[in-house]
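>>> What follows is a protein structure lacking sequence information:
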């Protein structure tokens with residue numbers, strides 16, 4: 001099950017990134033061009049937030065079932081000296097949780113605003129903050145923090 005969850009977690013990342021980029025595109029366009037916040041914009045907002053929640057739940061299941069994290073928790077004093085363990089044991093999960101909280105708050109607040117411009121502005125600013133946090137917290141193959149392949153397989 002663990003290997004399957006790693007694969008799902010890797011795939012969902014590639015759904016979230018274009019979704020949040022598209023949400024940012026729609027948000028900037030609507031905000032600066034003073035467009036109406038349409039049903040499509042609301043769907044993009046909602047789908048992006050839903051995808052991030054799915055990813056967070058899969059990530060939590062992975063975190064609490066990972067032998068890597070199990071070692072980190074069981075041997076904290078030794079593991080904390082190795083940055084890969086620190087990254088996945090503390091940094092990755094903390095930053096991703098913060099990013100999803102930002103997306104959730106943004107999505108919730110944006111849908112309650114009355115004016116279209118304030119909906120776009122709220123969604124865009126907070127999604128951009130979350131996007132930056134997500135980009136930092138992803139273990140890219142080129143990342144100095146912790147490298148993993150673009151796609152995880154079985």
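Arrived safely, thanks for sending. Keep in mind it's a predicted model, so treat the numbers as computed, not measured.

>>> From residue 114, how far out is residue 121?
Here the criterion is C-beta to C-beta, to the nearest Å. By it, residue 121 lies 13 Å from residue 114. Using the backbone N, CA and C atoms, a C-beta is placed for each residue, glycine as well.

>>> Tell me which of these two has more neighbours.
Each of residue 121 and residue 114 has its neighbours counted (other C-beta atoms under 10 Å); residue 121 has more, 18 against 6.

>>> need the helix or strand of the protein with the lowest average pLDDT.
Counting by mean pLDDT, DSSP states H and E, the chain has its least confident helix or strand at helix 83-86, which shows a mean of 90.

>>> check contacts around residue 79.
For residue 79, the contacting residues are 71, 72, 85, 86, 89, by C-beta atoms under 8 Å, 6 or more residues apart in numbering.

>>> Show me which pair in the residues you listed is furthest apart.
Pairwise distances across the contacts of residue 79 peak at 12.4 Å for 71 and 86 (criterion: C-beta to C-beta).

>>> how about the lengthiest helix in the chain: buried residues?
Looking across the chain with DSSP state H, the single longest helix is helix 2-32. Residues of helix 2-32 classed as buried: 5-6, 8-10, 12-13, 16, 19-20, 23-24, 26-28, 30-31 (neighbour count, 16 or more other C-beta atoms under 10 Å).

>>> now swap in stretch 38-57 and tell me
For stretch 38-57, the neighbour count (16+ other C-beta under 10 Å) marks 41, 44, 45, 48, 49, 51, 52, 55, 56 as buried.

>>> Just give the nearest non-adjacent residue to residue 133, would you?
residue 99 (4.1 Å; C-beta to C-beta, 6 or more residues apart in numbering).

>>> from memory the one you found sits against residue 52, does it?
Yes - with contacts counted by C-beta atoms under 8 Å, residue 99 reaches residue 52, the gap being 7.4 Å.

>>> Overlap in contacts, the two.
With C-beta under 8 Å, 6+ apart as the test, residue 99 and residue 52 both reach residue 130.

>>> can you map out the helices along this structure?
Under DSSP H, the chain gives helices at 2-32, 39-65, 67-74, 76-79, 83-86, 92-112, 116-137.

>>> Go through the fifth one and flag the buried ones.
What it means is helix 83-86. For helix 83-86, by 16+ other C-beta under 10 Å, it's 85, 86.
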